[in-house]
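Student: A predicted structure for the sequence below; I have some questions about it.
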Amino acid sequence: MSVRSIKNQYLGINAHLHSLWQAKGRWNMFHHVHISDLARLVRQTLIPMGYTASPERSIQIRRLTDSPRQYKTYHAVGIYRPGITTPIAWLEILAPKTKAPTTEIEKRDSRAYTAQHVLLMKREVIYIELDYLHETPSILPIHWSERPYRIIVFDPRPDLMNGRATIHEFDVDQLVPTVNILLHGQDTFTFDFNAAYTKTYEEMLFGIESVDYSQLPLHFERYTKADQIRIVNRMLSVLEAARAGTDLESGPFPVRDVPLNEALAQIESFRAASTD
């Protein structure tokens, strides 16, 4: 028996869904829909501050085939001061083939993305990069971390050599961070990325279509042991609520701290009982 809900049962990134998207190559739809939601929510926050935001052509390339002429772009979010055509900030969601290219074409596209990224920062554009791809390590060569997700804010001011990168990392079943970004002067833009993620997840009904909490995520073994423990305990909380007849739309539910092997055994017991 499958166990599904509209509600995202994880506190933040849904590990089941992101595993599916990376395993099956289905990232594109999430990327398109989520960047649109981000553009709307960022714009709603900024306009009262005297700034604006709009969807922009991404500096990443999405290939439809191996032909370099046949491609579409993702979208990004540009943040602007009124009357100024150069963005003050730029927001991108990192795509799998940009982060971890495999073919020569993908590697070339990834290098082009990096070059455009650097070009924007040379123009003193703040660069915000959302990395929700747990299967590949951080793109920063000097930064190694086992944590699966991160939001990086590159601030090139006063210049590229003396700017800084602020890394907001988080784990499976943790809230996506709220991030403060200094725009101009003392104007600070505060944005709740978890609320934006929840909006996309629940309004697109991803949980009903693609997430079954009675089954382990695809490529479960690619998570660290710590994240595997978080995943199985989150699954147990959902399965126990379902077994008790609790409305799953009232989740997420409290989790216990059950050791990995014991939690896996309990999940298997639930599956066996549901098929009797």
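Tutor: Sure, I can see it.

Student: Name the nearest residue to residue 118, ignoring sequence neighbours.
Tutor: residue 160 (7.6 Å; CB to CB, 6 or more residues apart in numbering). The C-beta positions use only the backbone N, C-alpha and C, and glycine is treated the same way.

Student: Touching, that neighbour and residue 120? I think so.
Tutor: No - with contacts counted by CB atoms under 8 Å, residue 160 stays clear of residue 120, the gap being 10.3 Å.

Student: who's more crowded, those two?
Tutor: Between residue 160 and residue 120, residue 120 has the larger neighbour count (other CB atoms under 10 Å), namely 20 against 13.

Student: Residue 90 is in contact with that one, correct?
Tutor: Yes - if you go by CB under 8 Å, residue 120 and residue 90 touch, sitting 5.6 Å apart.

Student: what touches both of those two?
Tutor: The contact sets of residue 120 and residue 90 overlap at residue 127 (CB atoms under 8 Å, 6 or more residues apart in numbering).

Student: Tell me how the chain divides into domains.
Tutor: Per automatic domain parsing, the domain ranges recorded for the chain read 15-201, 212-275.

Student: Can you find the helix or strand of the chain with the lowest average pLDDT?
Tutor: Least confident helix or strand, the chain: strand 52-63 with a mean of 66, by mean pLDDT, DSSP states H and E.

Student: check contacts around the nearest residue to residue 14 once chain neighbours are set aside.
Tutor: Spatially, and ignoring its direct neighbours in sequence, residue 14 is nearest to residue 8 (5.4 Å; CB to CB, 6+ apart). Contact analysis of residue 8 by CB under 8 Å, 6+ apart lists 14, 197, 198, 201, 202, 207, 252.

Student: Format those residues as JSON lines; extra columns: distance to residue 36, secondary structure and pLDDT.
Tutor: Output for the contacts of residue 8, formatted as JSON lines (distance: CB to CB, whole Å; DSSP: H, G, I helix; E, B strand; the rest coil; pLDDT from 0 to 100):
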{"residue": "14", "distance to residue 36": "19", "secondary structure": "coil", "pLDDT": "99"}
{"residue": "197", "distance to residue 36": "13", "secondary structure": "helix", "pLDDT": "99"}
{"residue": "198", "distance to residue 36": "15", "secondary structure": "helix", "pLDDT": "98"}
{"residue": "201", "distance to residue 36": "14", "secondary structure": "helix", "pLDDT": "98"}
{"residue": "202", "distance to residue 36": "15", "secondary structure": "helix", "pLDDT": "98"}
{"residue": "207", "distance to residue 36": "19", "secondary structure": "helix", "pLDDT": "98"}
{"residue": "252", "distance to residue 36": "25", "secondary structure": "coil", "pLDDT": "98"}
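
Student: Greatest separation within these: which pair is it?
Tutor: Comparing every pair within these by CB to CB identifies 197 and 252 as the most remote, at 13.4 Å.

Student: Ranking by neighbours, what's the top pick from the contacts of residue 8?
Tutor: residue 14 (25 neighbours).

Student: Quickly note the distance from it to residue 46.
Tutor: For residue 14, the distance to residue 46 (CB to CB, to the nearest Å) stands at 27 Å.

Student: thinking again about what came up before, ok, the contacts of residue 8 vs residue 56, which is closest?
Tutor: residue 197 (20.2 Å).

Student: In space, what's closest to the closest one - neighbours in sequence excluded?
Tutor: residue 176 is the one closest to residue 197 (CB to CB, 6+ apart), at 5.2 Å.

Student: Also residue 24?
Tutor: residue 218 (7.7 Å).

Student: show me what contacts the one you found?
Tutor: The contact partners of residue 218, taken as CB under 8 Å, 6+ apart, are 19, 20, 23, 24.

Student: hmm, back to that, test for you: state the pLDDT assigned to the residue nearest to residue 14.
Tutor: Residue 8 carries a pLDDT score of 99 in this model.

Student: any idea whether it is helix, strand or coil?
Tutor: Using DSSP: H, G, I helix; E, B strand; the rest coil, the structure places residue 8 in coil.

Student: can you pull out the strands in this protein?
Tutor: 52-63, 71-80, 89-93, 126-131, 149-155, 164-170, 178-184, 187-192 (DSSP state E).

Student: From what I see, residue 87 and residue 57 are in contact.
Tutor: No - no contact is recorded between residue 87 and residue 57 when judged using CB under 8 Å, the distance being 12.0 Å.

Student: Good, we can wrap up now.
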